[in-house]
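> Here's my sequence, what's the structure:
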Amino acid sequence: MVDFAGWSMPVMYRGIIEEHNHTRTKCSLFDVSHMGRLYLTGKDTEALLQLVCTRNVGDMSVGLSRYTHICREDGGILDDVIVSRFEDQYLVVCNASNRQKITDWLSKHAAGKDVKMTDRTMETAMIALQGPEAIPQVEKLLNIDLSGLKRYHFQTGSYFTFKYAIFRSGYTGEDGVELILPAGIVKLAMPALMGMGNSDDAVIKPAGLGARDSLRLEAGMPLYGHELTEDWDSLTARQGWCVHLDKDFIGADAMREKKEKGLTRKIVGLKLEGRRTARQGFEVRANGETVGQVTSGVLSPTLGDSIAMALVGIDHTKEGTQLSIQFGEKEVPATVVKIPFYKLSS
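This is a model prediction of the structure:
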């Protein structure tokens, strides 16, 4: 267990590699209750979200979720969030370490508008079930049909006396769902969700932050504080797909200018020779010169390769480019490769 943004969080239960592989082959349960859950109501809520979000949220239908960034005026990324539209409110799920920052930012830009924000992070729990067995297991446990629930959509329901929302989303590269339910009943719900989680042949087993990180890295998903930071913008972070420059939002002008002038650096994927793991901050070099830095790295349990993401100069971002990572006195060869490293269909 470790302290994580004020929460006591499990790094692992049985071992990171075992939990990682179980997620890829069966189903893992992640307690992600540390994620911030901010509910917004009022007639100006849509306009507020359009202003602060890089992605268009004005055309969202009820039951839809969208991943987006919230940025400063200069394009620096304050956080990456998921916005979900309910019939009478919106939900913004943010990172635990950024909850106060995002709450303050939304409050600042909601001043004078008809928007009410309620932070329900402590009132609710959030559970992620991820892996190829996740959907059939949840259908069986909750006695519901999820065949019509598309990726990044959600639905609400009741289980005995408590209400829940179930989202077909996750952070592992696998299919699965994320459940939001009242914090008061989570002690009752967890044993039901886990079933025989302590037995060797259990389909659903718990997993911690370690496996969550290795899974998301294989899937090329950015992590705030690593690939996403206030020090650079969404385009530099290789997340231009969630930036809609045809609308006005905070940071749009700065990113339009960057796109017009051309990026000077960008996040790339790297495959290293050998089995040494690159760490955040390690220098990326080309022809004896430093051209960037590692943002995340892992020895991939699924692929068996040492992989990393790094922020490098734009001249070194083409797939196949030969670079090296500085490990103390030694340089380890690395090749720029396509992200994601792992796809669900592979």
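
> In stretch 303-312, which of the residues would be classed as buried?
305-312 (16 or more other CB atoms under 10 Å). For glycine as for every other residue, the C-beta is placed from the backbone atoms N, C-alpha and C.

> Over to stretch 241-252?
By 16+ other CB under 10 Å, the buried positions in stretch 241-252 come out as 242-244, 249-252.

> Mind checking which of those land in helices?
Judged by DSSP state H, helices contain the following of these: A252.

> got the buried residues of stretch 241-252 as TSV, with distance to F154 and pLDDT columns?
Output for the buried residues of stretch 241-252, formatted as TSV (distance: CB to CB, whole Å; pLDDT from 0 to 100):
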residue	distance to F154	pLDDT
C242	18	98
V243	23	98
H244	22	98
F249	24	98
I250	26	98
G251	27	98
A252	28	98
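
> Among the buried residues of stretch 241-252, which one sits closest to G131?
Sorting these by distance to G131 puts C242 at the head of the list, at 24.9 Å, by CB to CB.

> if I pick that closest one, what's in contact with it?
54-55, 66-69, 234 (CB atoms under 8 Å, 6 or more residues apart in numbering).

> now do I70
Contacts of I70 by CB under 8 Å, 6+ apart are 52-54, 77-81, 102, 105, 250.

> which one of the residues you listed sits closest to E139?
Distances from E139 to the contacts of I70, taken by CB to CB, are shortest for V81, at 28.0 Å.

> residue boundaries of the helices in this structure?
16-25, 45-52, 99-110, 134-142, 186-194, 209-218, 252-261.

> Would you mind telling me which of those helices is nearest V337?
Nearest to V337 among the helices of the chain is helix 209-218 (12.2 Å), distances taken as CB to CB.

> what angle sits between that closest one and helix 16-25?
Computed by axes from the mean of the first three to the mean of the last three CA atoms, to 10 degrees, the angle separating helix 209-218 from helix 16-25 equals 50 degrees.

> quick one: helix 209-218 to chain centroid distance?
Relative to its parent chain, helix 209-218 has a centroid offset of 10 Å by CA atoms, centre = their mean, to the nearest Å.

> Name the surrounding residues that touch it.
Helix 209-218 is contacted from outside by 2, 4, 9-12, 16, 19-20, 23-24, 28, 30, 130, 171-174, 223, 296-298, 300-303, 307, 309, 340-342, using CB under 8 Å, 6+ apart.

> out of the helices of the chain, deepest packed?
helix 209-218 (a mean of 24; mean count of other CB atoms under 10 Å).

> Rounded mean pLDDT for it, please.
Average pLDDT, helix 209-218: 98.

> what does stretch 36-56 give?
Mean per-residue pLDDT for stretch 36-56: 98.

> Tell me how far the residue nearest to G262 when sequence neighbours are not counted lies from I307.
When the adjacent residues along the chain are set aside, G262 lies closest to I314, with 7.2 Å between them (CB to CB, 6 or more residues apart in numbering). Separation of I314 from I307 (CB to CB, to the nearest Å) stands at 21 Å.

> and if you look at G251?
On the measure of CB to CB, G251 and I307 end up 30 Å apart.

> I'd say K113 and L49 touch.
No - taking contacts as CB atoms under 8 Å, K113 lies outside contact range of L49: 11.2 Å.

> re the thing from before, can you add distance to E329 and give the helices of the chain back as a markdown table?
Formatted as a markdown table, the helices of the chain follow (distance: least, CB to CB, whole Å):
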| stretch | distance to E329 |
| --- | --- |
| helix 16-25 | 28 |
| helix 45-52 | 46 |
| helix 99-110 | 39 |
| helix 134-142 | 45 |
| helix 186-194 | 47 |
| helix 209-218 | 26 |
| helix 252-261 | 36 |
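
> From the contact counts, what lies against the lowest-mean-pLDDT helix or strand in the chain?
None of the helices or strands of the chain scores lower by mean pLDDT, DSSP states H and E than helix 186-194, at a mean of 78. Applying 3 or more CB pairs under 8 Å, 6 or more residues apart in numbering; DSSP states H and E, one finds that helix 186-194 makes contact with strand 124-130, strand 204-206.

> Save those strands as TSV, and put in distance to S158, mean pLDDT and mean neighbour count too.
Formatted as TSV, those follow (distance: least, CB to CB, whole Å; pLDDT from 0 to 100; neighbours: other CB atoms under 10 Å):
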stretch	distance to S158	mean pLDDT	mean neighbour count
strand 124-130	15	96	23
strand 204-206	22	94	22
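
> what about these, which gets the closest to I144?
The nearest among the helices and strands packed on helix 186-194, by CB to CB, is strand 124-130 at 13.0 Å.

> which regions of the stretch 101-250 of the chain sit below the pLDDT cut-off?
Residues of the stretch 101-250 of the chain that meet the criterion pLDDT under 70 lie in 195-198.

> cutoff 80 now
159-161, 189-200 (pLDDT under 80).

> What is the distance between stretch 89-104 and the centre of its chain?
13 Å.

> what does the domain assignment say about this protein?
2-35+122-218, 36-119, 264-337 (automatic domain parsing).
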